[in-house]
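1. Predicted structure and sequence below. I'll ask about it afterward.
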Amino acid sequence: EDGPGADVLERVAQRLAEQRASVEEERRRQNAERQAEVLRRRLSILDLHIERAWHLGDADFDRLHELWAAFVAAGRAPAAAELRPDAEMSGSKWTHTGLAGYVPAFRVMPWAVDGEQPR
């Protein structure tokens, strides 16, 4: 239906789709970085074992403790799933700034000061 708001709705729908695609790409990128970090940490543990030919001394256990702690921390890093597209955001979470990104008419105008017109 072609009404006065049809172009606004079409523009909002397009921007929401673009933003969703952007969030999905960022999720994939962050997940790939996280997986790479976990693998690097795992390899550092194996490298120490290989260097010492599996014969570890007392000093090596402190180093292993550090390596394992880093490995576990990398595995527990927040998942990129915490990123959410705006279309999935609860209505109560939207702000005027967020809405203005989709519909410029929602942009907040400053009050006129000393008779000046808002810009």
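-> Great, that's in hand.
2. and the end-to-end length of stretch 82-94?
-> One end of stretch 82-94 to the other measures 17 Å (Cα to Cα, to the nearest Å).
3. please renumber so the chain begins at 726
-> I'll keep to 726 as the first residue from here, and by that count the last item is stretch 807-819.
4. what sits up against that stretch?
-> Stretch 807-819 is contacted from outside by L741, Q744, R745, V748, E749, E751, R752, Q755, G823, Y827, using Cβ atoms under 8 Å, 6 or more residues apart in numbering. Just so you know, the C-beta spots here come from the backbone N, C-alpha and C atoms, and that holds for glycine as well.
5. May I see the PyMOL selection of the buried members of those residues?
-> For the buried members of these, the matching PyMOL selection, counting by 16 or more other Cβ atoms under 10 Å, is:
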select buried, resi 748+752+755+827
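6. what sits against I770?
-> Counting by Cβ under 8 Å, 6+ apart, I770 has contacts L789, L792, W793, F796.
7. any chance you could read off phi and psi for M814?
-> Backbone torsions for M814, taken as degrees, to the nearest 10, come to phi -80, psi 140.
8. Could you measure from the closest residue in space to S769 that isn't next to it in sequence over to M814?
-> Nearest residue to S769, sequence neighbours excluded (Cβ to Cβ, 6 or more residues apart in numbering): L792, at 5.3 Å. Using Cβ to Cβ, to the nearest Å, L792 is found at 39 Å from M814.
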